[in-house]
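Asker: build the 3D model from these lines:
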Amino acid sequence: MTLTFVWRPIPGAGRHAFPVAALKLAGDAKATAYCRAEADAAQLHDRSEMDWICETTCAACWKALSARE
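Answerer: Take a look at the predicted model:
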């Protein structure tokens, strides 16, 4: 099984699911989550444990992923 998405907390915006390819974007590029939320690619890296604890999971990303086959 190939990993196709990753969850990443975005401070102040929640924990979103992004395609794996988003991790390879340049820092100034925009990454689009499965719920269509956008974040700077640089925000996907080096998240702290507090970021993971404080941000809630995006329900729209969860639903989008669960609807996939």
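
Asker: what sits up against the longest helix seen in the chain?
Answerer: If each helix of the chain is counted by residues according to DSSP state H, the longest one is helix 59-67. Residues outside helix 59-67 that contact it (CB atoms under 8 Å, 6 or more residues apart in numbering): 5, 7, 16-17, 33-37. C-beta coordinates here come from the backbone N, C-alpha and C atoms, glycine included.

Asker: for PyMOL, what selects the buried ones among those residues?
Answerer: Burial among the contacts of helix 59-67 is assessed by 16 or more other CB atoms under 10 Å; the matching PyMOL selection reads:
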select buried, resi 5+7+16+17+33+34+35+37
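
Asker: farthest-separated two in the contacts of helix 59-67?
Answerer: Trp7 and Arg36 (15.9 Å; CB to CB).

Asker: so which helix or strand of this protein has the lowest pLDDT on average?
Answerer: helix 49-54 (a mean of 92; mean pLDDT, DSSP states H and E).

Asker: hmm, back to that, in a markdown table: the contacts of helix 59-67, plus secondary structure, distance to Arg68 and pLDDT.
Answerer: Listed next are the contacts of helix 59-67 as a markdown table, based on DSSP: H, G, I helix; E, B strand; the rest coil; distance: CB to CB, whole Å; pLDDT from 0 to 100:
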| residue | secondary structure | distance to Arg68 | pLDDT |
| --- | --- | --- | --- |
| Phe5 | strand | 9 | 94 |
| Trp7 | strand | 15 | 95 |
| His16 | strand | 15 | 97 |
| Ala17 | strand | 10 | 97 |
| Ala33 | coil | 14 | 97 |
| Tyr34 | coil | 9 | 97 |
| Cys35 | coil | 13 | 97 |
| Arg36 | coil | 15 | 96 |
| Ala37 | coil | 17 | 96 |
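
Asker: show me which of the contacts of helix 59-67 is closest to Glu49.
Answerer: Lowest distance from Glu49 to those (CB to CB) belongs to Trp7, with 14.0 Å.

Asker: now for that closest one: which residues touch it?
Answerer: Counting by CB under 8 Å, 6+ apart, Trp7 makes contact with 15-18, 57, 61.
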